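J.: Sharing a sequence plus its predicted fold:
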Amino acid sequence: MVEIFYDDDADLSVIQGRKVAVIGYGSQGHAHALSLRDSGVDVRVGLKEGSKSRAKAEEQGLRVVTPAEAAAEADVIMILAPDTAQRFIYAESIAPNLTAGKALFFGHGFNIRYGLITPPADVDVAMVAPKGPGHLVRRQYVDGKGVPCLIAIEQDPTGGAQALALSYAKAIGGSRAGVIKTTFKEETETDLFGEQAVLCGGASALVQTGFEVLTEAGYAPEVAYFECLHELKLIVDLMYEGGIARMRYSVSDTAEYGDVTRGPRVVDARVKEEMKRILGEIQNGEFAREWVAEDDNGRPNFTKLQEQGAVHPIEETGAKLRAMMSWVDRPITETA
Ligand SMILES: NC(=O)C1=CN([C@@H]2O[C@H](COP(=O)(O)OP(=O)(O)OC[C@H]3O[C@@H](n4cnc5c(N)ncnc54)[C@H](OP(=O)(O)O)[C@@H]3O)[C@@H](O)[C@H]2O)C=CC1
Ligand SMILES: CC[C@](O)(C(C)=O)C(=O)O
Ligand SMILES: [Mg+2]
Ligand SMILES: [Mg+2]
């Protein structure tokens, strides 16, 4: 059984008594820094000279210093820069300032799990990993709700790492929804699997392929868009609120019969075998090696695939239709 913690299990004063550095001000960084600040925590943002994010962080009332200055001032250092940049930031700016008794925090376990960062034994190493995109982490916090978080403790020389991680999770709203204790290994491997096979990779490929099948068969792209993308959110909202059972309760019998008889033909045994291969590449480090090398080489393949995705016909159809729905096409947070 996993351990789940809620607001009453976490003491906000622990993180309020520390100085926190948030390195990076992107999707997660802005959400953590603003919500920590709003929870009464002494927070500074670490960004390199000339950073594109600096103006936004300052406009939003945060003090911005360099990553090295932030790491020197703070005793809790949360790295929320891209996973592939973290080992360089760590070596240049954090390691020289990581004195005994400080805490090094991560929002995802990639660099620890794959041995790209090796902190000294006399610092706490922990993770607070929200299970949702950073902009929604912030939106939920502002709305008085929260995105569930995972916490993990890799090193605990002070004996206080878990209380500190729970307190941090409370400050960003995580313990309103629930904080599950895991390990760096479990978080990293499941997170990568989820985003590749189901949440991002699986879902995008399913939507694009469904749209292609309908439009190639001569159906209107607008009808195909509503059917394969727009309505997906409405269906997933029902799953989110009450599980697959609630979704099946709400759709017609005709839809439910099609679901249980045709769904397994789309996601069949071959797809499951491919998902297992993808999990294997995550577990044996092959994906991490490929991604780090791709980034080191200037991301040629990634850039090509991003460009292909951006010009997929579903994007043009979607942009036109979303412009007609003011409540759909909006910034994802006030601060984004
Ligand atoms: N995106 C998400 O919702 C989730 C992310 N995570 C994890 O959170 C971490 C952060 O991810 P995410 O928020 O997507 O990251 P982003 O790609 O949004 O981070 C961009 C930010 O990092 C800054 N940055 C980039 N390079 C450096 C550098 N060398 N020194 C200092 N700052 C730098 C950028 O500055 P500039 O503007 O100057 O380029 C920008 O402020 C990762 O570990 C990720 O796996 C976990 C859960 C969900
Ligand atoms: C699903 C993608 C994610 O893992 C996340 C938002 O949780 C990420 O790395 O961005
Ligand atoms: Mg994730
Ligand atoms: Mg992820």
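T.: That came in fine, so what should we check first? Ligands and ions are numbered 1, 2, ... in the order given.

J.: OK, contacts around the closest residue to ligand 4 within the chain?
T.: For the chain, the residue closest to ligand 4 is Asp191, as judged by CB to the ion, at 4.4 Å. To be clear about C-beta, it is placed using only N, CA and C from the backbone, and glycine gets the same treatment. Listed by CB atoms under 8 Å, 6 or more residues apart in numbering, the contact partners of Asp191 are His108, Gly109, Ala129.

J.: Rebuild these as TSV, extending it with distance to ligand 2.
T.: Listed next are these as TSV, based on distance: CB to the nearest ligand atom, whole Å:
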residue	distance to ligand 2
His108	6
Gly109	11
Ala129	8
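
J.: need the residues you listed in a markdown table with secondary structure, pLDDT and neighbour count, can you?
T.: Output for the contacts of Asp191, formatted as a markdown table (DSSP: H, G, I helix; E, B strand; the rest coil; pLDDT from 0 to 100; neighbours: other CB atoms under 10 Å):
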| residue | secondary structure | pLDDT | neighbour count |
| --- | --- | --- | --- |
| His108 | coil | 98 | 21 |
| Gly109 | coil | 98 | 25 |
| Ala129 | strand | 98 | 25 |
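
J.: My guess is Ser13 contacts Ser167. True?
T.: Yes. Ser13 lies in contact with Ser167 (CB atoms under 8 Å); the separation is 7.5 Å.

J.: Neighbour count for these two, which is higher?
T.: Ser167 (24 against 9; other CB atoms under 10 Å).

J.: near ligand 2, which residues of the stretch 151-300 of the chain?
T.: Asp191, Glu195, Leu199, Cys200 (CB under 6 Å from any ligand atom).

J.: pLDDT on the helix or strand harbouring the first one, on average?
T.: Meaning Asp191. Of the helices and strands defined by DSSP states H and E, Asp191 is found in helix 184-193. In this model, helix 184-193 carries a mean pLDDT of 98.

J.: is that helix up against ligand 1 anywhere?
T.: No. Using CB under 6 Å from any ligand atom, we find that helix 184-193 stays clear of ligand 1, coming within 7.2 Å at best.

J.: One more: stretch 304-322?
T.: No. Figure legend: stretch 304-322 not in contact with ligand 1 (CB under 6 Å from any ligand atom); closest approach 13.6 Å.

J.: Convert that stretch to PDB, retaining C-alpha atoms only.
T.: Extracted in PDB, the C-alpha atoms of stretch 304-322 (Å, rounded to 0.1, in the frame of the first residue of the first chain):
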ATOM      1  CA  LYS A 304      12.100  17.800 -37.500                       C
ATOM      2  CA  LEU A 305       9.400  15.900 -35.700                       C
ATOM      3  CA  GLN A 306       8.200  19.000 -33.900                       C
ATOM      4  CA  GLU A 307       7.900  20.800 -37.300                       C
ATOM      5  CA  GLN A 308       6.000  17.900 -38.800                       C
ATOM      6  CA  GLY A 309       3.500  18.000 -35.900                       C
ATOM      7  CA  ALA A 310       3.000  21.700 -36.100                       C
ATOM      8  CA  VAL A 311       1.900  21.500 -39.800                       C
ATOM      9  CA  HIS A 312      -0.400  18.500 -39.400                       C
ATOM     10  CA  PRO A 313      -3.800  19.500 -40.900                       C
ATOM     11  CA  ILE A 314      -5.500  19.000 -37.600                       C
ATOM     12  CA  GLU A 315      -3.700  22.100 -36.300                       C
ATOM     13  CA  GLU A 316      -5.100  24.400 -39.000                       C
ATOM     14  CA  THR A 317      -8.600  23.100 -38.600                       C
ATOM     15  CA  GLY A 318      -8.400  23.400 -34.800                       C
ATOM     16  CA  ALA A 319      -7.000  26.900 -34.800                       C
ATOM     17  CA  LYS A 320     -10.000  28.100 -36.900                       C
ATOM     18  CA  LEU A 321     -12.600  26.300 -34.800                       C
ATOM     19  CA  ARG A 322     -11.100  27.300 -31.400                       C
END
